[in-house]
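>>> predicted model and sequence follow; I will ask about them next.
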Amino acid sequence: MINLKNGLQRSIHQLSVAVVSAITFSLGSCTSNTPATNSASKQLQVVTTFIPITDFTKAVAGDYPGDRLRQRAQVTQLLPTNVGPHDFQAKPEDAEKLAKADVLIENGLGMEEFLDDLVKNAGNANLKIIDSSKGVQTISTAAFEGKKQDQAKQIELNPHIWLDPKRAIHQVENIRDGLIAADPTGKEVYTANAAAYIAKLQQLDREFTQKLQPFAGKTFVTYHDFAPYFAQSYHLKAQFLVGIPEENASPADVKRVIDSANNSKLKTLLTEPQAAGNPFSALAKDLHVQVGNFDPMETASAEGVQPDYYFTVMRQNLTNLETAFGSKSTH
C-alpha cells in the first residue's frame, strides 16, 4: 500500500515537472521570437538610386550609423557607390531588391532612365515611388551635340537639382512627404528628422551666398553639364566641356571653354572625380591654369551613403570654386 502511494506521488511529480517545462519552453519561445517579428514588420524597406538621394533619404528616415532611436526605415542604395546613373547596367538581383521594397526614391528628371524597365521587371504592384524632383523649378537644356534623339525631345530638363542647396531642401521635403504617405504612423519621426536636415541645408546655402557674392556674374568651367542650378542659385554662370560624360569634346566645345576661362580670368578648370583620366590637362597647360575638382556626387566611396557626406563634399566644392575665381582663402 505504501509502495503504491509512493509510486503515485512520483508519477504526479514527474507529470507536473513536464507540464511546467513545456509551459516555460513555450513562453521562452514567444519571448525570443515575437519582438524580432514585430520589429521586422515595422521597418519600412526603402530603396534609393544614387548618392545624394541616399543621403537625403537616410537623413529623413533616421538611418544613421549607431543611432537607431530615430530610425524609422531601412534604406538601401540600388546602385553600387562607385557606379553613377550614367553608367549603371541593371542586373536581375536589382529587380529582386525592388520586388522586396516598400518604397523607391528617385531623383527624377530622367536621371535614372534605367528605372522604367527595372520597376516593370520587379513586378511589385505595391511599390510606392517617390520622385524627389516633383515641383522643383527646372532649367531646360538644349539637346547635346552628337546625342541621338527624336526631334520632339530636342529640349531636356537638366536633372542635377541636388547640387543647389535650395532645391535640395525641396527634394528633402518631397522625400519626407512621400515617406509619411507610405508610413503615416512615422510622421513625427520623419518630420523631425527632415527639419533638422533642412536647417543644415539652409546654413549651407547661407555660407555659399556669402562667400560667392564677390564673384557674382563670373563664369566657371566644369567637365560635364551638371552645374546650371548651382550657378543660377548663386548668380554665377557655368560652362562645360561636354554635355554628358560619355561624349567627346568637339573643337567648338574646346573654343567655348577657352573663351569662358579667359573672360573670367579663371585660375582653375574644374574636372570631377568621376571623369576618366584628366580631360582638362592639355587645356589647362595651354591656358596656364590649374585643374581642380567640383564633385557632382554621382559616385563616391563607401562613406558616401551617410547623410552628412553631402555637406562635406559641397563645402569642398565651395573652396575649390573660390580658388578657381582667384580667391586666396584657405577655409
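Ah, there it is.

>>> quick check: beta-bridge partners of the closest residue to residue 231 other than its chain neighbours?
Closest residue to residue 231 apart from its sequence neighbours, by C-beta to C-beta, 6 or more residues apart in numbering: residue 238 at 3.9 Å. Backbone N, C-alpha and C define where each C-beta goes, glycine included. Counting by DSSP bridges, residue 238 forms beta bridges with residue 220.

>>> look at residue 238 and say how many residues are nearby.
By the criterion of other C-beta atoms under 10 Å, residue 238 has 19 neighbours.

>>> I'd assumed residue 219 was in contact with it.
Yes: counting by C-beta atoms under 8 Å, residue 219 is a contact partner of residue 238 at 7.0 Å.

>>> now the residue nearest to residue 231: how far from residue 89?
29 Å (C-beta to C-beta, to the nearest Å).

>>> and residue 246, that's in a strand?
No: under DSSP: H, G, I helix; E, B strand; the rest coil, residue 246 sits outside any strand and is assigned coil.

>>> would you list the phi and psi of it?
Backbone torsions of residue 246, given as degrees, to the nearest 10, read phi -80, psi -10.

>>> which of the three states applies to the nearest residue to it once chain neighbours are set aside?
Nearest in space to residue 246, with sequence neighbours left out and distances taken as C-beta to C-beta, 6+ apart, is residue 86 at 6.6 Å. Using three-state DSSP, the structure places residue 86 in coil.

>>> could you list the low-confidence segments of this protein?
Applying pLDDT under 70 to the chain picks out residues 1-42, 65-70, 142-155, 328-331.

>>> how about the strands in it?
Ranges of strands in the chain, per DSSP state E, are 44-48, 73-77, 103-106, 128-131, 140-142, 155-157, 219-224, 237-242, 268-271, 290-293.

>>> to residue 256, which of those lies closest?
strand 237-242 (6.5 Å; C-beta to C-beta).

>>> which other helices and strands contact that closest one?
Where contact means 3 or more C-beta pairs under 8 Å, 6 or more residues apart in numbering; DSSP states H and E, strand 237-242 is packed against strand 219-224, helix 228-233, helix 251-263.

>>> which of the ones you listed sits most buried?
strand 219-224 (a mean of 24; mean count of other C-beta atoms under 10 Å).

>>> okay, now the residue nearest to residue 246: neighbour count?
Neighbour number of residue 86 under other C-beta under 10 Å is 15.

>>> one more: residue 127?
17.

>>> how about residue 87?
Neighbours around residue 87, by other C-beta under 10 Å: 13.

>>> and it, how close does it get to residue 204?
28 Å.

>>> just residue 101 next, same as before
With C-beta to C-beta as the criterion, residue 101 and residue 204 are 30 Å apart.

>>> okay, the two: which has more neighbours?
Applying other C-beta under 10 Å to residue 101 and residue 204 shows that residue 101 carries more neighbours, namely 23 against 19.

>>> which residues touch the more buried one?
45, 46, 47, 76, 124, 127 (C-beta atoms under 8 Å, 6 or more residues apart in numbering).

>>> buried ones only from those residues, please, as a PyMOL command.
Filtering those down to the buried ones (16 or more other C-beta atoms under 10 Å) takes a single PyMOL command:
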select buried, resi 46+47+76+124+127
